[in-house]
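Colleague: Next come a sequence and a model predicted from it.
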Amino acid sequence: MNPSAPGSTVSSVIAPLSSLPDFDPRRVPVVGVDAHLPPVPAEALTPAALRARFVTPPAWEPEVLLEKKFMDRAPAHASVLLGIVLREQPMVLLTERTAHLSTHSGQVAFPGGRADPGDANPAATALREAQEEVGLSPSFVEVLGQLPTYVTGSSFIITPVVALVQPDCVLEPNPYEVADLFEVPLAFLLNPANHRRHVYDRDGVHREWFSMPYQSGAKTHFIWGATAGMLRNFYRFMRA
């Protein structure tokens, strides 16, 4: 099973899940949890080990590459920052998007957005967008490399840029775009025991995806869809 991307072709345009009446990804049944797969060991998550991984990357294949297309629009390039905050336990910086945004509103996402013509490369896009969205200055960021592109159902071709973030960074979320800013342990996200598989069938269209719900105090951050797919690819990269 290949969540979000069964096969290598994009289907004809279908309705986005968010437009379906009463759709809530939290209520879609879990068909499996990948607890049988090994987690990424703690010694592989140190700054030195992460740097070495990108200097000499392994041979590997991404597991999730594209979603079923639900928007008939020209493809647009974008980048996100998979920022690993170097606390005593490495943490991944994530946002919850505000409800009024036109795409992926209310969802958990990495800081990032559409490429501008003046951006030199995907890393420049990710750094610029992270500064605009959450106030993260590039001076606190060390880019390690990037993962394969991920194509969303809204025709965004997203490049995940992996980077180390200094823990003394100052963050100022843009309230227009960000409803919440939070961190999740990298070890949690790279442990398949926390990777749940979902299947949803409606009107003859079959869709699959991962979720990685994370409990923080009284709130559950529901990580799913494209963000979970890119994290699953990061897991595959780190375990290869």
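Modeller: Thanks, I have it. All values reported here derive from a predicted model rather than from experimental measurement.

Colleague: avg pLDDT for the strand or helix carrying residue 208?
Modeller: Assigned by DSSP states H and E, residue 208 falls within strand 205-211. On average, the pLDDT along strand 205-211 is 84.

Colleague: Give the buried residues for it.
Modeller: Buried residues in strand 205-211, counted by 16 or more other Cβ atoms under 10 Å: 207, 208, 209, 210, 211. All C-beta atoms are positioned from the backbone trio N, CA, C, and that covers glycine.

Colleague: List just the nearest of these to residue 152.
Modeller: Minimum distance to residue 152 across these is 11.5 Å, recorded for residue 209 (Cβ to Cβ).

Colleague: Any chance of the buried residues of strand 205-211 in TSV with distance to residue 168 as columns?
Modeller: Listed next are the buried residues of strand 205-211 as TSV, based on distance: Cβ to Cβ, whole Å:
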residue	distance to residue 168
207	41
208	40
209	35
210	32
211	32
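
Colleague: the longest helix in the chain is where?
Modeller: Counting residues, the longest helix in the chain under DSSP state H turns out to be helix 225-239.

Colleague: Please name every helix or strand in contact with it.
Modeller: strand 76-85, strand 108-109, strand 150-151, strand 156-165, helix 186-189, strand 205-211 (3 or more Cβ pairs under 8 Å, 6 or more residues apart in numbering; DSSP states H and E).

Colleague: and residue 195, which of those is closest to it?
Modeller: Across these, closest to residue 195 is strand 205-211 (Cβ to Cβ), at 5.5 Å.

Colleague: for that closest one, the distance to its chain's centre please.
Modeller: Distance, stretch centre to chain centre, for strand 205-211: 15 Å (Cα atoms, centre = their mean, to the nearest Å).

Colleague: and the angle for that strand with helix 225-239?
Modeller: Counting by axes from the mean of the first three to the mean of the last three Cα atoms, to 10 degrees, strand 205-211 lies at 60 degrees to helix 225-239.

Colleague: Just the buried residues of stretch 139-159, please?
Modeller: The neighbour-count check on stretch 139-159 (16+ other Cβ under 10 Å) flags 140-141, 143-147, 149-159 as buried.

Colleague: Repeat that for stretch 116-132.
Modeller: Quick answer for stretch 116-132 (16+ other Cβ under 10 Å): 119, 122, 123, 124, 125, 126, 127, 128, 129, 130, 131.
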